[in-house]
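**Student:** Build me a model from this:
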Amino acid sequence: MTQTDEFGEDLADFVRRVAELRSARALPPAEQQGVLDAALFELQHAAESLWPRYERLAARAPDGTSADRQERQLLRTLFQRLPLPVALVDRDTVVRRMNFAATGLTGVRAGYATGRPLAGLLVSGDRAPFRTQAAATARGEGARSVTVRLQQRPHEPVRASLVALQLPGEPQPTVLVVLQPGVSGTAAPATAGAVGRRLLPPDLAEATQRAGMMDLVDAMAVALLSSPPGDAEAALRAAARVLHGRFADWVVADTSGPGRPLRRAVALGPPDEAFAPLVKAVAEQDPEACPLVVEAARGGSASLQVRPEDVLALGEDASGASVLVRAEVSSLLCLPLPREDGGVLGVLTLLRTGARRAFSMAEGQAADVMSRHIALAMRRRPA
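**Tutor:** Just a heads-up that it's a prediction; the model follows:
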């Protein structure tokens with residue numbers, strides 16, 4: 001392992017430890033002395049060990065030549081233009097890159113899929129086997145092939161061929177996934193004819209979920225078309241009421257504009273009276289103090305997180321406690337509401353809590369589509 005690889009692993013471990021320390025802020029004051037000692041130790045480690053090593057590595061790093069850059073650009077272009085659906089994932093199936101053919105097959109934009117598990121695009125019964133094969137491939141146990149089904153095409157088998165690649169500058173192997181639609185892992189006997197083809201039984205849970213999403217999109221369209229043109233916040237409130245309860249336990253919406261900071265416009269939480277103080281605290285919160293909301297507003301990209309690691313992603317209440325911890329958030333969606341000029345009209349944040357099923361990739365994509373429809377309704381002007 002090179003010094004760069006070792007430094008990368010040490011830095012990743014440091015980041016994980018810092019995340020644990022941040023989550024410990026929700027502990028009672030009497031238990032925070034040990035957390036403070038650990039934080040001081042980590043700061044000393046960063047100043048005395050990590051920073052000097054970074055300076056040494058940066059001083060030795062060679063500048064890439066023009067030929068190297070052209071070679072990398074050529075490889076990127078070849079990857080994107082391959083006629084077969086191809087994706088690069090890590091050992092946990094998190095997408096690093098996805099080419100044009102793969103986006104067409106899965107129905108998910110490359111920018112949306114990057115950073116999210118490819119297994120999330122599969123039907124529920126195929127996710128665990130796919131993760132197992134990807135992990136085995138990344139461990140160096142050889143190329144694998146497994147038949148899976150996509151949520152977009154649950155009745156069409158897709159052969160996923162996996163092979164490990166050791167990319168330059170990467171400490172861990174990357175898994176190359178080639179998707180071949182209409183090809184199952186094992187061929188039926190030639191004499192069996194049509195009888196030899198195994199018909200996949202309909203998945204009642206998936207069919208119910210898809211029907212529910214269609215109902216939700218229909219209700220959203222009705223609400224947005226019924227809102228008065230020219231009243232952006234009325235359209236936003238109407239959309240929030242549709243999403244609240246049936247799709248998310250919490251619906252939080254913030255608005256912004258050119259030269260204007262984010263402002264909280266909607267905060268809908270669980271109807272239980274026990275959550276009333278937290279709902280009030282979230283409604284009064286400054287969205288500029290919520291890193292995830294600010295990132296969505298500036299970067300214009302959606303975020304789907306299951307069991308969020310950064311407990312301060314949605315800021316703190318007036319007492320300094322994490323909003324995510326107090327609300328017992330299990331998964332979240334943070335969606336920008338785009339303007340025509342590339343900026344944002346605001347940010348929509350959806351939270352699921354407790355034992356409720358986490359947001360799926362398909363639900364995330366549907367919410368992304370609805371967020372763009374909400375933005376269109378907010379921009380609508382009277383005739």
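**Student:** contacts, neighbours, all on C-alpha from now
**Tutor:** OK.
**Student:** and Leu333, what are its phi and psi?
**Tutor:** Here is the backbone geometry of Leu333 (degrees, to the nearest 10): phi -130, psi 130.
**Student:** His244 bridge partners, please.
**Tutor:** Ala248 (DSSP bridges).
**Student:** List the contacts of it.
**Tutor:** By C-alpha atoms under 8 Å, 6 or more residues apart in numbering, the residues touching His244 are Trp250, Val251, Leu268, Gly269.
**Student:** I figured the second one was touching Thr353, is that so?
**Tutor:** Just to be clear, that refers to Val251. No - with contacts counted by C-alpha atoms under 8 Å, Val251 stays clear of Thr353, the gap being 11.7 Å.
**Student:** Just the CA trace of the helix or strand containing Leu216, in PDB.
**Tutor:** Using DSSP states H and E, the element containing Leu216 is helix 204-226. As requested, the backbone C-alpha atoms of helix 204-226 are provided in PDB (Å, rounded to 0.1, in the frame of the first residue of the first chain):
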ATOM      1  CA  LEU A 204     -47.900  -7.500  -5.000                       C
ATOM      2  CA  ALA A 205     -45.900  -5.200  -2.800                       C
ATOM      3  CA  GLU A 206     -44.200  -3.500  -5.700                       C
ATOM      4  CA  ALA A 207     -47.400  -3.200  -7.700                       C
ATOM      5  CA  THR A 208     -49.100  -1.600  -4.600                       C
ATOM      6  CA  GLN A 209     -46.200   0.800  -4.200                       C
ATOM      7  CA  ARG A 210     -46.200   1.800  -7.800                       C
ATOM      8  CA  ALA A 211     -50.000   2.400  -7.700                       C
ATOM      9  CA  GLY A 212     -49.500   4.500  -4.600                       C
ATOM     10  CA  MET A 213     -46.900   6.600  -6.300                       C
ATOM     11  CA  MET A 214     -49.200   7.100  -9.300                       C
ATOM     12  CA  ASP A 215     -52.000   8.300  -6.900                       C
ATOM     13  CA  LEU A 216     -49.500  10.600  -5.200                       C
ATOM     14  CA  VAL A 217     -48.300  12.200  -8.400                       C
ATOM     15  CA  ASP A 218     -52.000  12.600  -9.500                       C
ATOM     16  CA  ALA A 219     -52.900  14.300  -6.200                       C
ATOM     17  CA  MET A 220     -49.900  16.600  -6.600                       C
ATOM     18  CA  ALA A 221     -50.900  17.600 -10.100                       C
ATOM     19  CA  VAL A 222     -54.400  18.400  -8.900                       C
ATOM     20  CA  ALA A 223     -53.100  20.500  -6.000                       C
ATOM     21  CA  LEU A 224     -50.600  22.400  -8.100                       C
ATOM     22  CA  LEU A 225     -53.100  23.100 -10.900                       C
ATOM     23  CA  SER A 226     -55.700  24.300  -8.300                       C
END
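**Student:** average pLDDT across that helix?
**Tutor:** On average, the pLDDT along helix 204-226 is 81.
**Student:** packing partners for it?
**Tutor:** The contact analysis (3 or more C-alpha pairs under 8 Å, 6 or more residues apart in numbering; DSSP states H and E) places helix 204-226 against helix 232-243, helix 361-379.
**Student:** what comes into contact with the first one?
**Tutor:** When you say that, I think you mean helix 232-243. Contacting residues not belonging to helix 232-243 are listed as 216, 219-220, 223-224, 227-228, 251-253, 265-266, 268, 374, 377-380 [C-alpha under 8 Å, 6+ apart].
**Student:** Narrow these to those that are buried.
**Tutor:** Among those, those scoring as buried are 216, 220, 223-224, 227-228, 251-253, 265-266, 268, 374, 377-380 (criterion: 16 or more other C-alpha atoms under 10 Å).
**Student:** helix or strand for the residue nearest to Pro382 when sequence neighbours are not counted, which one?
**Tutor:** Leaving aside its sequence neighbours, Pro382 sits nearest to Pro229 (C-alpha to C-alpha, 6 or more residues apart in numbering; 5.0 Å). Using DSSP H and E, Pro229 maps to neither a helix nor a strand.
**Student:** Quick one, grab the pLDDT at Pro229.
**Tutor:** Model confidence at Pro229, given as pLDDT, is 90.
**Student:** got it, and the one 10 residues further on?
**Tutor:** If you check Ala239, the pLDDT there is 95.
**Student:** Tell me, how many residues neighbour it?
**Tutor:** 25 (other C-alpha atoms under 10 Å).
**Student:** likewise Thr93?
**Tutor:** Applying other C-alpha under 10 Å, we find 26 residues neighbouring Thr93.
**Student:** same deal with His155?
**Tutor:** Counted with other C-alpha under 10 Å, His155 comes out at 16.
**Student:** and if you look at Ala221?
**Tutor:** By other C-alpha under 10 Å, 17 other residues sit near Ala221.
**Student:** most centrally placed residue in this protein?
**Tutor:** Computing the C-alpha centroid of the chain and ranking residues by C-alpha atoms, centre = their mean puts Leu304 first, at 3.2 Å.
**Student:** Show me what it bridges to in the sheet.
**Tutor:** Applying DSSP bridges to Leu304 gives these bridge partners: Leu333.
**Student:** tell me the contacts of it?
**Tutor:** Residues near Leu304 by C-alpha under 8 Å, 6+ apart: Arg116, Ser331, Leu332, Leu333, Cys334, Phe359, Met361, Gly364.
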